[in-house]
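>>> Coordinates for the following, if possible.
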Amino acid sequence: MEVNDVVDRLRLTGDPRAVEGMARFGIQSSNSFGVSVPKLRTLARELGHDHHLALKLWETGLHDARLLATMIDDPQQVTIPQMEKWVREFDSWDVVDGCCGNLFDKTPFAVAKAREWCRREAEYEKRAGFVLIAELAVHDKNAKDQVFLDFLPSIINGASDKRNFVKKAVNWSLRQIGKRNLKLNKAAVSTALKMQKMESGSAKWVAADALRELKSPQVQKRLRGT
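The predicted model follows:
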């Protein structure tokens, strides 16, 4: 299917009422047709993996098209220059999360880019680094514990960032690491306790929210059961 045909499908599938509601969640809606994520996933299954179409969809600059691109791209064909181009063009937190969780975390460069992007200054680029950590913690079942232990200093450094989209991603990454197994849970809890001593309101919030989940009976029971 040609890119123009896909855009026409998106336009017909969109819901103007959904566009109006996107702003309430901090989502960039000025270039969106309001296509829901479930409908995007249905279309993605119909299209299948198509790297070249994904690149063309991204170039449209349309919010829905870019989300769809992250769903149909082939992670084995993604290159570092493509990742760098896309991360610099992120303009909405949901595109950041969709791109990292649908695509970037499955590339061979995910760990290296997570480390690098955590140190970026731009808000969405920095968020992407921490979201990548969170998505790797969820999706990469074969990753060694050391990969995630090595991320903890970056999480501590990022915790004092006051920007909402960054600190929430920092929190997310810490919680997901701490839910992988008991060893990483203990390391994540220890990291959160260090954050509590920092002179930063953001760090204290990240720590308190993470500890509430990581030390909860439900999480502890599940981890001990495995």
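
>>> Run through who's touching the helix or strand of the chain with the lowest mean pLDDT.
Scoring the helices and strands of the chain by mean pLDDT, DSSP states H and E places helix 16-22 at the bottom, with a mean of 73. Applying C-beta atoms under 8 Å, 6 or more residues apart in numbering, the external contacts of helix 16-22 come out as 28, 29, 32, 33, 34, 35, 36. Every residue, glycine included, has its C-beta placed from N, CA and C.

>>> what kind of secondary structure is the third one in?
Think residue 32. coil (DSSP: H, G, I helix; E, B strand; the rest coil).

>>> can you pull the pLDDT of it?
pLDDT, residue 32: 87.

>>> how many neighbours does it have?
A count of neighbours around residue 32, defined by other C-beta atoms under 10 Å, yields 22.

>>> just to revisit the earlier point, what's in contact with the helix or strand just after the least confident helix or strand of the chain?
Sequence-wise, the next helix or strand downstream of helix 16-22 (DSSP states H and E) is helix 37-47. Identification of contacts with helix 37-47 by C-beta under 8 Å, 6+ apart yields 1, 6, 9, 10, 13, 53, 64, 67, 68, 71, 72, 98.

>>> other SSEs contacting the lengthiest helix in the chain?
Across the chain, the longest stretch assigned as helix under DSSP state H is helix 123-139. Secondary-structure packing of helix 123-139 (3 or more C-beta pairs under 8 Å, 6 or more residues apart in numbering; DSSP states H and E): helix 80-88, helix 93-102, helix 110-117, helix 145-149, helix 152-158, helix 164-178.

>>> Isn't residue 206 up against residue 191?
No - counting by C-beta atoms under 8 Å, residue 206 stays clear of residue 191, with 9.7 Å between them.

>>> neighbour-wise, which of the two wins?
A direct count of neighbours by other C-beta under 10 Å for residue 206 and residue 191 places residue 206 higher, at 31 against 24.

>>> With just CA atoms, put the least confident helix or strand of the chain into CSV.
This file holds the C-alpha atoms of helix 16-22, laid out as CSV (Å, rounded to 0.1, in the frame of the first residue of the first chain):
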residue,chain,number,x,y,z
PRO,A,16,-12.4,14.6,15.6
ARG,A,17,-13.8,14.2,19.1
ALA,A,18,-10.7,12.2,20.1
VAL,A,19,-8.5,15.0,18.8
GLU,A,20,-10.2,17.4,21.2
GLY,A,21,-9.5,15.1,24.1
MET,A,22,-5.9,14.5,23.4
